[in-house]
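Next one to model:
(3 chains, ligands or ions: 2)
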Amino acid sequence: MLEVKGLRKVYRSGSREVEALRDLTFTVDNGELVCLVGPSGCGKTTLLRCISGLLDPTAGDVRVNGQKVDGPPKGMAVVFQEYGRSLFPWMSVRDNVELPLKQKGVGRARRKQLVEQSLDAVGLTGTASAYPWQLSGGMQQRVAIARAVAYEPQTLLMDEPFAAVDAQTRADLEDLVRQLWKRLGVTILFVTHDIDESVYLGQRVVMLSTSPTVVQEELAIDLPEHRDQLTTRADPRFIQLRTRVYEQIQAAKRNAMQ
Amino acid sequence: MTSPRRGNPARSGGTALLGAVGLAGLLLVIELAPRLGLVDERYLPPASRIAAALAEEAGTPAFWTALTDTLIAWSVGLAIAVGAAVLAGIVIGSIPVLRSLTASTIEFLRPIPSVALIPLAVLMYGTELGSTLLLVCYAAFWQVLVQVLYGVADVDPVAFETARSFRFSAWGRIRHVLWPTALPYVFTGVRLAASVALVLAITAELVIGSPGLGKEIAVAQASEAVPTMYALIVVTGVLGVIINLLARTGERRLLAWHQSVRGEVTV
Amino acid sequence: MMNVVKKILLAIALPLTLFAGWYFLSADSESFYSPPLEKILVAFGDTWGLDRLRADVAPSVLRLLAGFLLAALIGVGAGVAIGMNLRLRAVTEPVLEFFRAIPPPVLVPVIMLFAGIGDAMKVIVIVFGCIWPILLNTVEGVRAVDSVVLETARSYGVNGVARITKVILPSAGPQIAAGLRQALSIAIILMVISELFAASNGLGFTIVQFQRSFAIPEMWSGIILLGLLGFVLSLLFRLAERRALRWYEGLRAAQRQS
Ligand SMILES: Nc1ncnc2c1ncn2[C@@H]1O[C@H](COP(=O)(O)OP(=O)(O)O)[C@@H](O)[C@H]1O
Ligand SMILES: [Mg+2]
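Numbers count the residues shown, from 1 in each chain, chains lettered A, B, ... in the order given. Ligands and ions are numbered 1, 2, ... in the order given. Predicted coordinates:
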């Protein structure tokens, strides 16, 4: 279980202070797929960096299975927003996926198997010896996902992973995430600024306000388990839900203006 | 997504302070190491003795003559090298046949160490200024030439075609298209050449005995005036730092000017 | 095929012309200082036989390599340490900039005080002269490692030695190579200079002996050999660099295209 309690983060640089997060509290149960949606600049990346132990919060805390996070926790993998910069350009796709496993002390044979399986799973069979920069943006994002999957995490954090890929690729990758989630049974916290994407993917959507950021509302997504780009997005319930999320975010903006 | 990076202006005051601490630490080590007997005082005199020798040197006209000589050799050699390299670079760079013809020769001549020319310089000019100039020019020339060639290769073909379609003369194309593009590269070349020229000027003086700071160092060494030798070396280092700083800020200023001018033209 | 032939022709045309020009124009040169090239070539064959190569060229080259490799080892090691530590960098940077600005050959008289006039002195001179560009470039390269790269490494548990060897060093590689290239040309200069002061063997020593005894064709042949040595070393360096930094070339080409 992932618990975020009273989280606050203020960036200090010299005399300037930026309050990126004011007060965030929410939980994600094991095996859940929760989407976090909020406008650009509201502190989504900041939140993920606090959860993944890369950044110390100013107040409040994050717990993973009851353990307080103070440094990157075991069993957690992150897919970064800047996927192009997050893959190491001096390593082949294979080495990029394998390096974290080596660090974890996974044996050679098992490593090979995990790398192959995860590349297959994201549809990148046969690109293992290419360099990341030889691939398109969508393929690079798949490599980043494969690296996370091969790590065999209990919790997977994804930071606007599809913000910079074209619409078709994006639809494919969304389905890939749902499929991997079902198959591996991991807990996923998926961050996005795209309302449709959050409703389409999540079991639950946590909406953030504009900065200074608090949790605006949580919404359970009662769409059928099986989702499909055509039928789900045309489902009247889907449209209701996305309208609701949209309204909440507009309301948050209005509150901020006053 | 650009997240603010480390190294903000508020802290740069602290950085300067830490840098000063570092320099003070170096001076302290140089002061104490010989005094505590960690190194032989005849080999490394304490910082205060070096400073005294420096003050004494600064009081002699010979020191100032040597400094002027070095600066003259540096500036004249640099000017000749830059002039020749810019001219050669533009001619070679803008004529494709010349470019491919000379590529291999340039690649061969460039890495030849300039000190290989020392015996030649001695035979041709003895211990005159000419010896220093030959070495300085040779070393600085390649730095600039290579940069100019990069710069000319960087000219946007579309801009060049545009200039042609408006029937610009050859001179007009060079003046208005090629030169503005190559200019930043020329600056980089000059900055690199400025430090190389100083190194070669002082090296020539030191080894050949042509007039300048390098020669004074050799004299101090021969007469076993160790503190004076260190003092003169410090002077060459300070000279190098000043030239670096001037070249770097000069480059930044000129480039800023250059970009702002271009910005006005294109907007 | 035609293209290759043309390329080769273009590449050798000017050197051949220059060579032939020198050869024929100098053929009946009476000048003492610029003897006919034919004489120089004969002198080259006579002078640089196996004995000379072993007695004079080999020691020079060995000292050069020893000094350069030692400087590379110390420079990169210290550069990584300084580059990873903000405060250490602030303290040391002005001192390092000062040392870099000192024209390396003036160190020869100083190091002679400490280390006498043997091989050790010459190697130390080379190390002292060419360490600064390596060190400062390494510091700069380490400092400029992408923050996303570092966070990725941290969150996937790439720590300790692997963090340095698999992440920081490769990422700073292009900068380090630039420093090494500068250092190599300084090393060659110092190899010669250190032999001019006090030596009993070496390439620089021999050339100056020829000059002092007015053995002009031999002196010229030495200058040519020194030129060839500089050319070959920079060629070898470029080949090694291209191999080690193939990823960087590719990455840059890919970035230019987009
Ligand atoms: N390292 C930092 N230092 C100072 N301010 C920052 C830093 N990183 C982010 N911020 C600020 O915090 C706010 C939230 O940023 P971020 O978490 O990246 O938002 P999001 O990911 O939702 O777009 C923004 O106003 C941003 O400018
Ligand atoms: Mg973000």
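
Counting neighbours, which bits of stretch B:153-170 end up buried?
By 16 or more other CB atoms under 10 Å in any protein chain shown, the buried positions in stretch B:153-170 come out as B:Val155, B:Phe160, B:Ala163, B:Phe168. From N, CA and C alone the C-beta is placed, and that goes for glycine too.

Do me a favour and get the end-to-end distance for it?
17 Å (CA to CA, to the nearest Å).

what does that stretch contact?
For stretch B:153-170, the external contacting residues (CB atoms under 8 Å, 6 or more residues apart in numbering or on different chains) are B:Gly93, B:Gly172, B:Arg173, B:His176, B:Val177, B:Leu178, B:Thr181, B:Ala182, B:Tyr185.

Between these, which sits nearest chain A?
B:Tyr185 (26.0 Å; CB to the nearest CB).

Can you say which helix or strand has the nearest residue to that closest one once chain neighbours are set aside in it?
Ranked by CB to CB, 6 or more residues apart in numbering or on different chains and with sequence neighbours excluded, the top spatial neighbour of B:Tyr185 is B:Gly151, at 3.0 Å. Assigning secondary structure by DSSP states H and E places B:Gly151 in helix B:129-153.

distance between that helix and the chain's centre?
Offset of helix B:129-153 from its chain centre (CA atoms, centre = their mean, to the nearest Å): 11 Å.

same question for the very next helix or strand once past that helix, mean pLDDT?
Where DSSP H and E defines the elements, the next helix or strand beyond helix B:129-153 is helix B:157-165. Taken as a whole, helix B:157-165 has a mean pLDDT of 79.

where does the stretch 151-258 of chain A dip in pLDDT?
Scanning the stretch 151-258 of chain A for pLDDT under 70 picks out the ranges A:258.

My guess is B:Gly240 contacts C:Phe99. True?
No: with contact defined as CB atoms under 8 Å, B:Gly240 does not reach C:Phe99; the gap is 9.7 Å.

Who are the packing partners of the host helix or strand of B:Tyr230?
Using DSSP H and E, B:Tyr230 sits in helix B:226-266. Under the contact definition 3 or more CB pairs under 8 Å, 6 or more residues apart in numbering or on different chains; DSSP states H and E, helix B:226-266 sits against helix B:47-58, helix B:179-208, helix B:213-222, helix C:86-101, helix C:107-115.

got those helices as TSV, with mean pLDDT columns?
Formatted as TSV, those follow (pLDDT from 0 to 100):
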stretch	mean pLDDT
helix B:47-58	93
helix B:179-208	90
helix B:213-222	93
helix C:86-101	92
helix C:107-115	88
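
got a markdown table for those helices, with distance to ligand 1 too?
Listed next are the helices and strands packed on helix B:226-266 as a markdown table, based on distance: least, CB to the nearest ligand atom, whole Å:
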| stretch | distance to ligand 1 |
| --- | --- |
| helix B:47-58 | 42 |
| helix B:179-208 | 31 |
| helix B:213-222 | 48 |
| helix C:86-101 | 15 |
| helix C:107-115 | 43 |
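
Can you list phi and psi of the residue nearest to A:Thr187 when sequence neighbours are not counted for me?
Counting by CB to CB, 6+ apart, A:Thr187 lies nearest to A:Thr155, which is 4.7 Å off, once chain neighbours are set aside. Per-residue torsions, A:Thr155: phi -120, psi 130 (degrees, to the nearest 10).

same check, this time on the one 3 residues further on
Taking degrees, to the nearest 10, you get phi -130, psi 120 for the backbone angles of A:Met158.

Measure how buried it is and give me the count.
25 (other CB atoms under 10 Å in any protein chain shown).

right, and it touches A:Val186 too?
No: A:Met158 is not in contact with A:Val186 according to CB under 8 Å; the separation is 10.9 Å.

ok so, going back, looking at the helices and strands packed on helix B:226-266, spot the one closest to ligand 2.
Of all the helices and strands packed on helix B:226-266, it is helix C:86-101 that lies closest to ligand 2, at 24.9 Å by CB to the ion.

what does that closest one contact?
For helix C:86-101, using CB under 8 Å, 6+ apart, the contacting residues are B:6, B:14-15, B:18-23, B:25-26, B:195, B:237-241, B:243-244, C:81-83, C:132-133, C:135-136, C:139, C:143.

Would you mark the buried spots in the helix holding B:Gly151?
When burial is assessed from 16+ other CB under 10 Å, helix B:129-153 yields the following buried residues: B:129, B:131-152.

The residue nearest to A:Thr187 contacts A:Gly185, doesn't it?
No: look at A:Thr155 against A:Gly185 with CB under 8 Å: they stay out of range, at 11.5 Å.

between those two, who's got more neighbours?
Ranked by neighbour count (other CB under 10 Å), A:Thr155 and A:Gly185 place A:Thr155 first, with 22 against 10.

hang on, the earlier thing: now the helices and strands packed on helix B:226-266 in JSON lines, with mean neighbour count?
Below are those laid out as JSON lines (neighbours: other CB atoms under 10 Å in any protein chain shown):
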{"stretch": "helix B:47-58", "mean neighbour count": "17"}
{"stretch": "helix B:179-208", "mean neighbour count": "24"}
{"stretch": "helix B:213-222", "mean neighbour count": "22"}
{"stretch": "helix C:86-101", "mean neighbour count": "19"}
{"stretch": "helix C:107-115", "mean neighbour count": "20"}
